[in-house]
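Visitor: predicted model, plus sequence, below.
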Amino acid sequence: MNAANPSFSQLAIRYASYPTIMGSTAFVLLILVGDGLPYLPTVPIVVAAALLAVAMLERRLPFHREWLHDHRDAACDATHAIVNLATLLSVHWFITLLPSQWLASSVWPTDWPLVAQALLVGLVLDLSLYSVHWFSHRYAWLWKFHAIHHSSERLYWLNGERRHPLHAMMMAGPGLLIVVLLGAPSLAVGVWLGVLAVHLAFQHSNLDYRVGPLRYLVGAAEVHRWHHKREYEDAQVNFGEFWMIWDHAFGTFKLPRQALGATDVGLSDRAFPMRYAAQLVYPLTRRDPDAELIAQRRLQAASIAFVRECRVARVHEDARDLPTAWRAHELAHIIGQPYLRLHLLSHWQMVGLAWRTGNTAECRAQAVRLILTPLAHLTGRTPLNNVGTRRVGLLDQGSWPTELEPMTFQRREAKG
């Protein structure tokens, strides 16, 4: 990153680049196009000019100088960008071809100005992008498509379009279908997608810019870079494409204070293909060793944290601090619940504590749980985050405890 005493021009770039370029883009696309400026060629020209400006500013004020160099990815990323940006332009054209009765819904506020309609499109579309993005980190078959986006060993202006086209359709498709069925005009959809394309270039850029408190509302680079952490467990944050409101709503927003290193992004699989054609067929023709490694690492992390909590419970039991001992067992149960062996072991540990303390009611409750646990895993009806003790009922749903960092299972406080 840059020196501690930046020049005036560097400060201007750092704090004015995003509002200036995004503001100019939004003004032309949302206001002037709404006032009659033709969609073509206005939108592609404005988007191309904005992307070029971000690329040039990266050279002047890079977040990491190491990211300025080609990491065997420039040609591949350029192809991704051409394909995906052309697809974005085609969406507007496709919607204009739909039968008029599809767009005759009385639900959509067609009397609103274009800027308001486009913002509404963006709100609905971003929920679709967020949802499929989140699911893509949970299901192996979706991750094989999405891993392409995470495979870059650096972040720079072209990374925003480094996506498998099928996965891009999966992410945007539900939201686009909803707004079209609600009656959104093609122009409102098209201009918002243009604004989004410029924002994605900023979001993944190697530009050392700042947006101040706005980072809690929009997915700027200083927030989104943490989503590209090489350590998979730490990358389950900041899924929003444009808005961060869904991350706040669903508890996935995170803004660490420490610095992000130049080698901290990418995948654990360093042999990931870097040619466009190979990436297109990657999700369809090969096993995903990175997904397997991710599963192994998650199990290993859970096992380590599980053993730690059991030891903490024993220490507090020896000290006759039974409430804290029970709490440690509850944390161990939450950590181990996704894995049958650890889940069973957590209830066995609680049987032992209940027996040693003469709590016969808890012994009976834990015996029931030992019997039901395999059935719950077999039927897929294991409620996540329930603390597993008689106090909250057999299958009560609980929230993730504040003592545990959900991505790493680390304690954030000495006591529960």
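Guide: On my side now, so go ahead. Residues are numbered from 1 along each chain as shown.

Visitor: wait, E153 touches D264, no?
Guide: No. Checked against C-beta atoms under 8 Å, the pair E153 and D264 is beyond contact range at 10.1 Å. For glycine as for every other residue, the C-beta is placed from the backbone atoms N, C-alpha and C.

Visitor: how about the contacts made by the nearest residue to W355 once chain neighbours are set aside?
Guide: Nearest in space to W355, with sequence neighbours left out and distances taken as C-beta to C-beta, 6 or more residues apart in numbering, is C363 at 5.7 Å. Going by C-beta atoms under 8 Å, 6 or more residues apart in numbering, C363 touches 351, 354-355.

Visitor: of those, keep whichever come out buried.
Guide: Buried members of these, counted by 16 or more other C-beta atoms under 10 Å: 351, 354.

Visitor: mind putting the contacts of C363 into TSV with distance to L11 and pLDDT?
Guide: Listed next are the contacts of C363 as TSV, based on distance: C-beta to C-beta, whole Å; pLDDT from 0 to 100:
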residue	distance to L11	pLDDT
V351	63	91
A354	63	90
W355	66	91
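
Visitor: so which of the contacts of C363 sit within helices?
Guide: Members of those lying in helices (criterion: DSSP state H): 351, 354-355.

Visitor: quick one, phi psi at T402?
Guide: In terms of degrees, to the nearest 10, the main-chain angles of T402 are phi -70, psi -20.

Visitor: give me the number of residues near it?
Guide: Counted with other C-beta atoms under 10 Å, the neighbours of T402 add up to 9.

Visitor: tell me the pLDDT at it?
Guide: Per-residue confidence (pLDDT) for T402: 74.

Visitor: what separation do you get for it and M350?
Guide: 21 Å (C-beta to C-beta, to the nearest Å).

Visitor: okay, E153 and D264: which has more neighbours?
Guide: E153 (18 against 15).

Visitor: quick check: pLDDT value at the more buried one.
Guide: On pLDDT, E153 comes in at 92.

Visitor: ditto for T20
Guide: In this model, T20 carries a pLDDT of 97.

Visitor: name the helix or strand for it, please.
Guide: Per DSSP states H and E: T20 is located in helix 8-26.

Visitor: enumerate the positions of that helix that are buried.
Guide: Judged by neighbour count (16+ other C-beta under 10 Å), helix 8-26 contains these buried residues: 13-14, 17-18, 21-22, 25-26.

Visitor: of all the residues you listed, which two lie farthest apart?
Guide: Distance extremes for those: the farthest pair is R14 and A26 at 20.3 Å, using C-beta to C-beta.

Visitor: measure H146 to V132 for me?
Guide: Applying C-beta to C-beta, the value for H146 to V132 is 9 Å.

Visitor: kindly report the same for F94.
Guide: The value you get for F94 to V132, if C-beta to C-beta is used, is 20 Å.

Visitor: pick out whichever of the two has more residues nearby.
Guide: Higher neighbour count among F94 and V132: V132, with 21 against 15, using other C-beta under 10 Å.

Visitor: not counting its neighbours along the chain, what's nearest that one?
Guide: V132's closest residue in space is M171 (C-beta to C-beta, 6+ apart), at 4.3 Å.

Visitor: quick one, longest helix in this structure?
Guide: The longest helix of the chain (DSSP H) is helix 289-318.

Visitor: buried sites along that helix?
Guide: For helix 289-318, a neighbour-count test (16+ other C-beta under 10 Å) marks 290-291, 294, 301-303, 305-306, 308-310, 312-314, 316-317 as buried.

Visitor: and the spatially most central residue of the chain, which of the three is it?
Guide: Nearest to the mean C-alpha position of the chain, by C-alpha atoms, centre = their mean, lies F239 at 2.3 Å. Following DSSP: H, G, I helix; E, B strand; the rest coil, F239 is assigned to coil.

Visitor: that one reaches V132, doesn't it?
Guide: No. Contact criterion C-beta under 8 Å: F239 and V132 do not qualify, at 9.5 Å.

Visitor: point out where the stretch 1-150 of the chain drops to low pLDDT.
Guide: Applying pLDDT under 70 to the stretch 1-150 of the chain flags the ranges 1-4, 100-106.

Visitor: just the helices in it please.
Guide: Counting by DSSP state H, counting those that start in this stretch, the stretch 1-150 of the chain has helices at residues 8-26, 39-60, 74-96, 114-136, 140-150.

Visitor: can you lay out those as TSV showing distance to Q258?
Guide: Compiled in TSV, the helices of the stretch 1-150 of the chain are given as follows (distance: least, C-beta to C-beta, whole Å):
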stretch	distance to Q258
helix 8-26	20
helix 39-60	23
helix 74-96	27
helix 114-136	24
helix 140-150	20
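
Visitor: out of those, flag the one nearest W226.
Guide: Among the helices of the stretch 1-150 of the chain, helix 140-150 comes nearest to W226, with 12.4 Å by C-beta to C-beta.

Visitor: mind listing the helices for the stretch 201-350 of the chain?
Guide: 221-224, 245-250, 276-285, 289-318, 322-336, 340-356.

Visitor: what comes into contact with the fifth one?
Guide: What that stands for is helix 322-336. For helix 322-336, the external contacting residues (C-beta under 8 Å, 6+ apart) are 302, 305-306, 309-310, 312-314, 316-317, 342-343, 345-347, 349-350, 353, 357, 385-389, 398, 400-401, 403-404, 409, 415-416.

Visitor: next, the angle from it to helix 340-356.
Guide: Using axes from the mean of the first three to the mean of the last three C-alpha atoms, to 10 degrees, the direction of helix 322-336 lies 170 degrees away from that of helix 340-356.

Visitor: now helix 322-336: buried residues?
Guide: For helix 322-336, the neighbour count (16+ other C-beta under 10 Å) marks 324-336 as buried.

Visitor: Three-state assignment for the residue located most distally from the centre of the chain, please.
Guide: Distance from the C-alpha centroid of the chain peaks at G358, with 46.3 Å (C-alpha atoms, centre = their mean). At G358 the chain is in coil, as set by three-state DSSP.

Visitor: for the stretch 151-300 of the chain, which spans come out with low pLDDT?
Guide: Judged by pLDDT under 70, the stretch 151-300 of the chain has its weakly predicted residues at 270, 286-294.

Visitor: give me the domain ranges for this protein.
Guide: Split into domains by automatic domain parsing, the chain comes to 8-285, 290-411.

Visitor: and the gap between S90 and A50?
Guide: Distance check for S90 against A50: by C-beta to C-beta, it reads 19 Å.

Visitor: who has more neighbours out of the two?
Guide: Taking neighbours as other C-beta under 10 Å, S90 and A50 compare with A50 leading, 23 against 11.
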